[in-house]
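Colleague: coordinates for the following, if possible.
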Amino acid sequence: MKHLLSLFFGMIAVSFLFAQKKKEENLSATSPENTYALVIGIANYENDRLNLNYANRDAQVFADYLMSNAGGAIPEDNIRLLIDTNATTGAIYNSLKWVKKRVEFNTIQDDKSKSLVY
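Modeller: Predicted coordinates:
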């Protein structure tokens, strides 16, 4: 029984390692040109009780990170940044449609795409 449990847990560990490797391969296969991001940061709401400290700055910092080498070197044209009053319902909806169109276009072209929403 002891050996059977050891074998069982060993198989789970091995399958986890292979699953993790496959996931990493899939992420690295997407080029920065086929990665699209929608980054939203709202710090100031109409209702002052809903205000968030630094959400607008966090969004800007995250967008800058995505454009850096460490963040994947995503082209600026592939990132939609909506901060405070620019993050209207209409702008968010249109930006989500923009991301969807880009990913669908690359899927048709047989390119791998990745989308990020922050």
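Colleague: what about the residue lying closest to residue 72 once chain neighbours are set aside, neighbour count?
Modeller: Spatial nearest neighbour of residue 72, excluding adjacent residues (C-beta to C-beta, 6 or more residues apart in numbering): residue 32 at 5.4 Å. Where C-beta positions appear, they are placed from N, C-alpha and C, glycine not excepted. Neighbour count for residue 32, taken as other C-beta atoms under 10 Å: 15.
Colleague: what sits against residue 32?
Modeller: Listed by C-beta atoms under 8 Å, 6 or more residues apart in numbering, the contact set of residue 32 reads 72, 73, 74, 75, 78.
Colleague: possible to save those residues as TSV with distance to residue 84, neighbour count and pLDDT?
Modeller: Below are the contacts of residue 32 laid out as TSV (distance: C-beta to C-beta, whole Å; neighbours: other C-beta atoms under 10 Å; pLDDT from 0 to 100):
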residue	distance to residue 84	neighbour count	pLDDT
72	25	19	89
73	27	13	93
74	22	22	92
75	24	12	94
78	22	20	93
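Colleague: report pLDDT for residue 103.
Modeller: You'll see residue 103 listed with a pLDDT of 83.
Colleague: that one: neighbour count?
Modeller: Using other C-beta under 10 Å, the number of residues around residue 103 comes to 18.
Colleague: tell me which element it is part of?
Modeller: helix 89-108 (DSSP states H and E).
Colleague: now the following helix or strand past that helix: buried residues?
Modeller: Following helix 89-108 in sequence order, the next helix or strand is strand 114-117 (DSSP H and E). Buried residues in strand 114-117, counted by 16 or more other C-beta atoms under 10 Å: 114, 115, 116.
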